[in-house]
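Peer 1: generate a structure from the sequence data that follows.
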Amino acid sequence: MAAAVESAPDLLEEESAELDGYFSDEPLDPKPQYPILRETFETAVVITNLPKVPAAKVEKLTKVVTRLVSKVGELASCSDSGFTGVQLPCDENNNGTLGFAFVEFVTSEDASQALQVLQDYVFDKNHSLKVMPYARALQLKDVEEEKFEQPEPAPFVEKPNTSSWLEDQSQRDQFVTRFGKDTVVHWCDGRHEPIVDYDGSREKSAGVSWCDYYVQWSPKGSYFATLVPARGVILWGGSKYEKLMRFPAPGVEVVLFSPQENFLLISNNNRNDPNAIKVFSIQTGKLMRAFPLFPKDFIPEGLSNAEMQQIHPPPFQWSHDDKYLARMGKDLISIYETPNMGLLDRRSLIANGIHEFQFSPKANIIAYWGPEYKNQPAHVDLIELPSRNKLRQKNLFNVTKCSMVWQNDGNYLGVKVTRHTKSKKTLYNNIELFRLNEPGIPVEMLDIKDAVMAFAWEPKGSRFAMIHAENSSSTKVNVSFYDMYKKIETQQAKTTISNSKAKKMEAQILPEVNLIETLQGKQCNCVYWSPAGQNIILASLGDMASGQVEFYDVENKTIVVKEHYRANHVMWDPSGRTVATIVSQPIGGGHFKYAMDNGYILWSFQGKQIFQQSYESFYQFQWRPREDLLSPSEVKKVVKNLKKYEKEFDKADKELSRALRLEETKGKRALRTDFRLRMARLREIYRQQKETRLEIMDGYDSDDESNYVSKEVVVETVLNTKEEII
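Peer 2: Sure thing, here's the model as predicted:
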């Protein structure tokens, strides 16, 4: 034992010698790195209106709330203390929850996102969440409770009638033009020159800009939105274009109204802004939700800045009834349900390899297509919402590209498919036609050997038109018209009383694609159907195009050829009476080549020029939309009694022409009236001077006819002579 004790110092000396050189000679001064102390509560929020549950269900409710808020952002959890980032205070008496929770995130940005996303979130059928910053809760804690007194209601102020323009006695349409620094709304009746309705004179007199950027009508024409990048979006309405509301959105570039005019989507196209896209309620002006410009994981990794700039953000699309707002992501479609703006069924719709999707114009049906993915062929799918049932799937092979076009009533869907051969050196087209108004949604394939450059449905019918040529760069193209139904006349034997037989022709309509006709050798690259159908415009648009505009009547086979040099847009008015061809330039672009041609021309649907206007800087032309108020049966009734309405409109036209003629001749009629009054005054003076004249002329009255002798003289004048030898 003593030997062991005596050897201990020796062991320490040996260990010290081994560690010699490993230690620094400087004195030890430890400085621990403590985390930064947060003196504010900007990362914490308070969620109220939660269900009050007994102690047995507290753990389950905590898990549900934690799972919900963790989707918004990362929670500030601590493993040492056991804090998960969510705390539900409980009653001291029964250990049940009190109906609210404290939530702490890692960053203040996630806390701000929670305030927007979880506000009014439908937690269950009886509870909609309310969210506030923790700092606000501290302020409310110090508020003294007072006896509530019912406030006096604010005096009623009648809002402008946003449908007043539909009450126009002359049934005129409206359009807006943006040129220079001006924005002007005009009336147009389809026969005479446009009349200015409002030009922003009220704002000009107040020194306020009515519009600094583009404008946009709402889908039903109730609202008029002007974009002012420095202030946001301003809504106007009523007969005097009164200011209804302003939506704060600095740098705004794009607006999108929902079809039923309940919501407004605004985008500033800023890739670095996490709230680049905002959705507002039009009625309340409340911000419903904000989105980044690109969905998560949409842009592939490893791309350079130049390559990233070439990728365009996927657009949002509204359903026809404003119930859903959807956007394409990577292998999915995110469908948000209004008004809470949460994901439908809290999950996205899986769509592997999706390239494009579109809502049906008249039903909650999504059509999308995806290319070949792993061992699956390319396909077009029709999905019903909210059930997510797959109504129809069409598999496609050797697909290079697809593009989808819905018919306005949602009865048909056309998919232009560009296919390739096995060598991928040759491309060819075919059209897949879906009949959604028939059981089972049958699909017909229309083979087209040529390259298809344009495809368009007739708005109110079953016909469609397409431009095709042997080569997509051909200057001479063909325009073919098809019908989704084929009419076949059959003979039926009809037995009469005398047992004699008579043959009667009856038309049988079959659901079969039918070629109506093909117009060959045309110079056009775009087709535009009239909203009323039957008439179509074949236009050659663009800088390198001829500017030729052909007005074609599909039923009567008549065509009128006109020209508008450098035209780059064609727009029909909602009634189909008038069409505008436009030469415009982008705002902020130095397109001086358009300066001599900027402006628009108004034509009748038959190709007669109504009005032409030129501008040095012309940016935008847009017709005011109007809602179809008549049902198909009511339209048929109007067509049946068309002669009756023709008389009424002819009478109105005559009255309008008379009023215009009176207005034009107003100055001439004033001069004529003044001349007649002057002549009457001179005659009166002349009459009063009669006695003086007789006295001067020794009783001779020059106005007395008996003092004159009448003599009749005949003078013959030879105007022409012709000599003919027989």
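
Peer 1: drop to CA atoms for contacts and neighbour counts, all remaining ones
Peer 2: Will do.

Peer 1: buried set for the one helix or strand residue 69 maps to?
Peer 2: Residue 69 is part of helix 58-70, with elements assigned from DSSP states H and E. Within helix 58-70, the residues scored as buried using 16 or more other CA atoms under 10 Å are 58, 61, 62, 65, 66, 69, 70.

Peer 1: in JSON lines, list those along with distance to residue 141 and pLDDT.
Peer 2: Formatted as JSON lines, the buried residues of helix 58-70 follow (distance: CA to CA, whole Å; pLDDT from 0 to 100):
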{"residue": "58", "distance to residue 141": "25", "pLDDT": "90"}
{"residue": "61", "distance to residue 141": "25", "pLDDT": "92"}
{"residue": "62", "distance to residue 141": "24", "pLDDT": "91"}
{"residue": "65", "distance to residue 141": "24", "pLDDT": "92"}
{"residue": "66", "distance to residue 141": "25", "pLDDT": "92"}
{"residue": "69", "distance to residue 141": "24", "pLDDT": "91"}
{"residue": "70", "distance to residue 141": "27", "pLDDT": "90"}
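
Peer 1: circling back to that earlier point, helix or strand next in line after the helix holding residue 69, which one?
Peer 2: strand 86-87.

Peer 1: quick one: contacts of the helix or strand that comes right after that next one?
Peer 2: Downstream of strand 86-87, the next assigned helix or strand under DSSP H and E is strand 100-104. The list of residues contacting strand 100-104 from outside it, by CA atoms under 8 Å, 6 or more residues apart in numbering, reads 43-50, 69, 75-76, 85-89, 111.

Peer 1: from the residues you listed, keep the buried residues only.
Peer 2: Buried among the contacts of strand 100-104 by 16+ other CA under 10 Å: 43-50, 69, 75-76, 85-88, 111.

Peer 1: what is the least confident helix or strand in this protein?
Peer 2: Least confident helix or strand, the chain: helix 2-18 with a mean of 60, by mean pLDDT, DSSP states H and E.

Peer 1: neighbouring strands for the helix or strand that that helix is followed by, and are they parallel or not?
Peer 2: On the C-terminal side of helix 2-18, the closest following helix or strand by DSSP H and E is strand 44-48. Paired with strand 44-48 in the same sheet, following DSSP bridges, are strand 100-104 (antiparallel), strand 130-133 (antiparallel).

Peer 1: centre of the chain to strand 44-48, how far?
Peer 2: Centroid separation for strand 44-48 versus its chain: 37 Å, with CA atoms, centre = their mean, to the nearest Å.

Peer 1: which other residues reach it?
Peer 2: By CA under 8 Å, 6+ apart, strand 44-48 touches 99-105, 108, 111, 115, 129-134, 137.

Peer 1: and the angle for that strand with helix 58-70?
Peer 2: 120 degrees (axes from the mean of the first three to the mean of the last three CA atoms, to 10 degrees).

Peer 1: need the contact list for residue 178.
Peer 2: 184, 214, 215, 618, 619, 620, 621.

Peer 1: quick check: bridge partners of it?
Peer 2: With DSSP bridges as the rule, residue 178 is bridged to residue 183, residue 620.

Peer 1: one step back: tabulate the buried residues of helix 58-70 (TSV), appending distance to residue 633.
Peer 2: Listed next are the buried residues of helix 58-70 as TSV, based on distance: CA to CA, whole Å:
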residue	distance to residue 633
58	60
61	55
62	57
65	53
66	55
69	52
70	54
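
Peer 1: what about stretch 608-623, start to end distance?
Peer 2: In stretch 608-623, first residue to last residue: 19 Å (CA to CA, to the nearest Å).

Peer 1: er, stretch 65-83 actually
Peer 2: 14 Å.

Peer 1: now that stretch, how far from the centre of its chain.
Peer 2: Worked out by CA atoms, centre = their mean, stretch 65-83 lies 41 Å from the chain centre.

Peer 1: repeat that for stretch 330-347.
Peer 2: Counting by CA atoms, centre = their mean, stretch 330-347 comes out at 21 Å from the chain centroid.

Peer 1: same check, this time on stretch 367-387
Peer 2: The answer for stretch 367-387 is 25 Å, by CA atoms, centre = their mean.

Peer 1: report the buried residues of it.
Peer 2: Buried residues in stretch 367-387, counted by 16+ other CA under 10 Å: 367-372, 378-385.

Peer 1: for residue 639, state which of these is nearest.
Peer 2: residue 367 (34.7 Å; CA to CA).

Peer 1: and the nearest residue to that closest one once chain neighbours are set aside, helix, strand or coil?
Peer 2: Leaving aside its chain neighbours, residue 367 sits nearest to residue 382 (4.6 Å; criterion: CA to CA, 6 or more residues apart in numbering). Secondary structure assignment for residue 382 (DSSP: H, G, I helix; E, B strand; the rest coil): strand.

Peer 1: thinking again about what came up before, just the buried residues of the contacts of strand 44-48.
Peer 2: Buried subset of those (neighbour count, 16+ other CA under 10 Å): 100-105, 108, 111, 115, 129-134.

Peer 1: count the residues that sit near residue 350.
Peer 2: Using other CA atoms under 10 Å, residue 350 has 13 neighbouring residues.

Peer 1: I'd say it and residue 335 touch.
Peer 2: No: applying CA atoms under 8 Å, one finds residue 350 not in contact with residue 335, separated by 10.8 Å.

Peer 1: gap between residue 393 and residue 400?
Peer 2: 18 Å.

Peer 1: and if you look at residue 278?
Peer 2: Counting by CA to CA, the gap from residue 278 to residue 400 is 35 Å.

Peer 1: about what we covered before: columns distance to residue 421 and mean pLDDT on top of the strands paired with strand 44-48, output as a markdown table?
Peer 2: A markdown table is the format used below for those (distance: least, CA to CA, whole Å; pLDDT from 0 to 100):
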| stretch | distance to residue 421 | mean pLDDT |
| --- | --- | --- |
| strand 100-104 | 58 | 93 |
| strand 130-133 | 58 | 92 |
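
Peer 1: with distance to residue 721 added, can I get those strands in a markdown table?
Peer 2: A markdown table is the format used below for the strands paired with strand 44-48 (distance: least, CA to CA, whole Å):
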| stretch | distance to residue 721 |
| --- | --- |
| strand 100-104 | 114 |
| strand 130-133 | 106 |
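
Peer 1: quick one, which of those strands is nearest to residue 284?
Peer 2: Checking the strands paired with strand 44-48 against residue 284 by CA to CA gives strand 130-133 as the closest, at 17.4 Å.

Peer 1: neighbouring contacts of the closest one?
Peer 2: With CA under 8 Å, 6+ apart as the criterion, strand 130-133 contacts 42, 44-49, 111, 114-115, 118-121.

Peer 1: biggest separation within the buried residues of stretch 367-387, which pair?
Peer 2: Within the buried residues of stretch 367-387, 372 and 385 form the most distant pair, 24.7 Å apart (CA to CA).

Peer 1: strand partners of the helix or strand harbouring residue 413, parallel vs antiparallel please.
Peer 2: Following DSSP H and E, one finds residue 413 within strand 412-420. Strand pairing for strand 412-420, determined by DSSP bridges: strand 399-406 (antiparallel), strand 427-435 (antiparallel).

Peer 1: all set, thanks.
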